[in-house]
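> what shape does this take:
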Amino acid sequence: MRYHVYLLIMLAAMPTAVVWATETNQPTTLTLDDCLDEAVRHQPDVAAAKEALQRAEFQYRAAMSAFLPQLSANASADRSSVASGSNVLVNNSYTANLQAQESLYSGGHDTALLAQRTAEREVACEQYRLALAQLSFDVRVAFARQLYAVDLIEQTSVIVKRRAGNADLVALRYEGGREHKGSLLRMQAILSQARLDQESAQRALDVARQRLARALGREMPVAVINGSLVCEPPETMADCDKLAEAVPDVRIAAAQAKAAKAGVRVAKSEYFPTITAAGSVSRSDDVFFPQNDGWSVGVQLNYPFFSGGRNIMDVRTAQSDERRFAWLLRSQWQQTLTDLRQAYSDWLDAYQRLSVQKEFLQAATIRAEIARNQYTTGLLSFDNWDIIENDLITQQKAELTARRDAALAQAAWEKARGISLLPAK
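Numbering: from 1, shown residues only. Coordinates of the predicted model:
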C-alpha cells in the first residue's frame with residue numbers, strides 16, 4: 001500500500017518537473033560557454049553598461065546635427081477687431097512660412113563639442129568592455145571553484161576508502177599481536193578525519209553551486225557542470241607598455257582626458273562671435289488659403305562681449321578638469337603596469353608550482369606503494385609508514401589546490417588585460 005502511495009506522488013510530481021524544465025529552458029549540465037551566455041543575459045552591470053554606450057552614441061549623433069541645416073515650418077491664423085465709433089472692423093490674418101538656418105561659425109563650439117562626444121562615446125565603449133571582462137572573470141572563477149569542489153569530493157571519497165583500508169590492515173595486525181593499540185586508535189582517528197573532510201567537501205560544493213548561480217543571475221543552484229581545471233602554459237611576456245595601452249581602464253582614462261581637453265575648447269568658444277545664415281519663404285493674406293508670396297535671406301552676427309565673468313570661470317573650470325584627468329591618466333597608467341606585471345608573475349608562479357606539485361605527487365604515490373608493501377611484510381615500522389601515507393594525502397590535496405590556483409591565476413591575468421570570453425555585441 002505504501003509503495004502505491006509513493007508511486008502516485010511521483011507521478012503527480014513529474015508533470016510539474018517537466019513544466020519547470022520546459023519553462024526555464026535551461027540544460028541540466030552546463031559548460032563554461034553555457035554559463036557565460038546565461039550570465040550576459042541576466043547581469044545588470046553589463047546591461048547598464050550597454051545602455052550607457054547607446055546613450056553616448058545618441059549624444060554623438062546629436063552633436064553631429066549641428067553641422068546640418070535646421071529646417072522649421074509654422075503657420076498662424078489671427079482674427080482681431082477694432083471699434084471705431086459705432087463701427088467694428090474685423091481683420092483676418094493668415095500666414096505660413098518655411099525657414100532654414102545654418103551655422104556658419106560658432107567659435108569652434110560645434111567642432112569641440114563633437115570631439116568631446118566622440119571621446120565620451122569611447123569611454124562608454126571601454127566601460128562596456130570592462131563590464132564584459134569583469135563578468136567573464138566572475139563566471140570563470142565561480143565555475144572553477146565548483147569544478148574544484150566536485151574534484152575535492154571525488155578525492156575525499158578515494159581518501160576515505162584508502163584510510164578505511166589502512167585501518168583494516170592495522171586492525172588485522174593488532175589482532176595478530178603485531179601492532180599495538182595506539183596505532184589502531186590513530187588509524188581510526190585518521191579515518192574519522194577523512195570522513196569529516198568528505199562531509200566538509202560536500203558543504204563546500206553546496207556553497208560553490210550557490211556562488212555560480214549568483215554569478216549567472218539565477219536563484220536555483222547549478223547542479224551539474226561539465227569541464228575540467230586546466231591552466232594553459234603562460235605565454236612570453238610581451239611589451240608591457242603595449243599591453244597596457246589596450247587595457248580598458250587605461251583607454252577609459254585616456255578618453256576622459258581627451259574629453260576634458262575638448263571641454264576647454266567648448267568653454268573658450270564662448271569668447272568668440274557666432275555667425276548664422278537664415279532664409280525663409282512665406283505666404284500671407286487676409287483670406288485662407290494665403291496667396292501673397294514673400295521671402296527673406298540674411299546673416300546674423302552675435303557677440304556676447306560681457307556675461308558677468310561666467311565665461312572666464314567656465315574656462316578655468318574646464319582647464320582644471322583637463323589637468324585633473326591628465327593626472328588620473330598618469331596614475332592609471334602606472335597602476336596598470338603594476339597590475340599586469342603582478343598578474344603575469346602570479347600566473348607564471350602558479351603554473352610552475354603546479355608542475356612541481358605533480359612531480360611531488362608522482363614521487364609520493366610510488367613511495368606510498370613501496371611503503372605499504374614494506375609495512376605489510378614487516379620491513380617498515382608503523383610510524384614511518386604513517387608518515388609516508390600522510391605525505392601522499394597531503395600531496396594529493398596540494399596538487400588539486402595547485403590546479404585550482406593555476407586556473408584562477410590565468411583568469412586573473414586575462415582580467416588584468418581586459419580580455420573577455422564574451423563577444424562585445
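> just the helices in the stretch 201-350 of the chain please.
In the stretch 201-350 of the chain, helices defined by DSSP state H, counting those that start in this stretch lie at 240-245, 248-268, 310-376, listed in chain order.
> tell me what the last one is packed against?
Looking back up the chat, that one is helix 310-376. helix 240-245, helix 248-268, helix 382-416 (3 or more CB pairs under 8 Å, 6 or more residues apart in numbering; DSSP states H and E). Placement of C-beta: from N, CA and C, glycine included.
> longest single strand anywhere in the chain?
Counting by DSSP state E, the longest strand found in the chain is strand 87-105.
> on that earlier part again, and the helices of the stretch 201-350 of the chain: which comes nearest residue 203?
Checking these against residue 203 by CB to CB gives helix 310-376 as the closest, at 25.2 Å.
> give me the buried positions along the longest strand of the chain.
Using 16 or more other CB atoms under 10 Å as the test for burial, strand 87-105 gives 94, 95, 96, 97, 103.
> tell me what the third one is bridged to.
What that stands for is residue 96. Assessed by DSSP bridges, residue 96 has beta-bridge partners residue 75, residue 283.
> so it touches residue 285, yeah?
No. Judged on CB atoms under 8 Å, residue 96 makes no contact with residue 285 at a distance of 9.6 Å.
> which neighbours do these two share?
Counting by CB atoms under 8 Å, 6 or more residues apart in numbering, residue 96 and residue 285 have no common neighbour.
> let me know which of the helices and strands packed on helix 310-376 is tucked in deepest.
helix 248-268 (a mean of 21; mean count of other CB atoms under 10 Å).
> so which elements touch that one?
Using 3+ CB pairs under 8 Å, 6+ apart as the contact test, the elements touching helix 248-268 are helix 109-175, helix 310-376.
> could you dump these into a markdown table and include mean neighbour count, distance to residue 217 and mean pLDDT?
Below are those laid out as a markdown table (neighbours: other CB atoms under 10 Å; distance: least, CB to CB, whole Å; pLDDT from 0 to 100):
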| stretch | mean neighbour count | distance to residue 217 | mean pLDDT |
| --- | --- | --- | --- |
| helix 109-175 | 20 | 10 | 95 |
| helix 310-376 | 16 | 26 | 95 |
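> circling back to that earlier point, residues contacting the longest strand of the chain, please?
Strand 87-105 is contacted from outside by 66-67, 69-83, 110, 272-290, 294, 299, using CB under 8 Å, 6+ apart.
> tell me how far it lies from the chain's centre.
Distance of strand 87-105 from its chain centroid, counting by CA atoms, centre = their mean, to the nearest Å, is 56 Å.
> quick one: mean pLDDT for that strand?
Averaging pLDDT along strand 87-105 yields 82.
> put the alpha carbons of it into CSV.
This file holds the C-alpha atoms of strand 87-105, laid out as CSV (Å, rounded to 0.1, in the frame of the first residue of the first chain):
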residue,chain,number,x,y,z
ASN,A,87,-18.5,100.6,-36.5
VAL,A,88,-16.4,97.5,-35.7
LEU,A,89,-13.7,96.5,-38.1
VAL,A,90,-12.8,92.8,-38.2
ASN,A,91,-9.4,91.8,-39.5
ASN,A,92,-8.3,88.3,-40.5
SER,A,93,-4.7,87.3,-41.0
TYR,A,94,-3.3,84.0,-42.3
THR,A,95,0.4,83.3,-42.5
ALA,A,96,2.5,80.2,-43.5
ASN,A,97,6.3,80.1,-43.8
LEU,A,98,9.2,77.7,-44.2
GLN,A,99,12.5,78.7,-42.5
ALA,A,100,16.1,77.4,-43.0
GLN,A,101,19.0,78.2,-40.7
GLU,A,102,22.7,77.2,-41.0
SER,A,103,25.5,77.9,-38.5
LEU,A,104,28.5,79.4,-40.5
TYR,A,105,30.7,80.0,-37.5
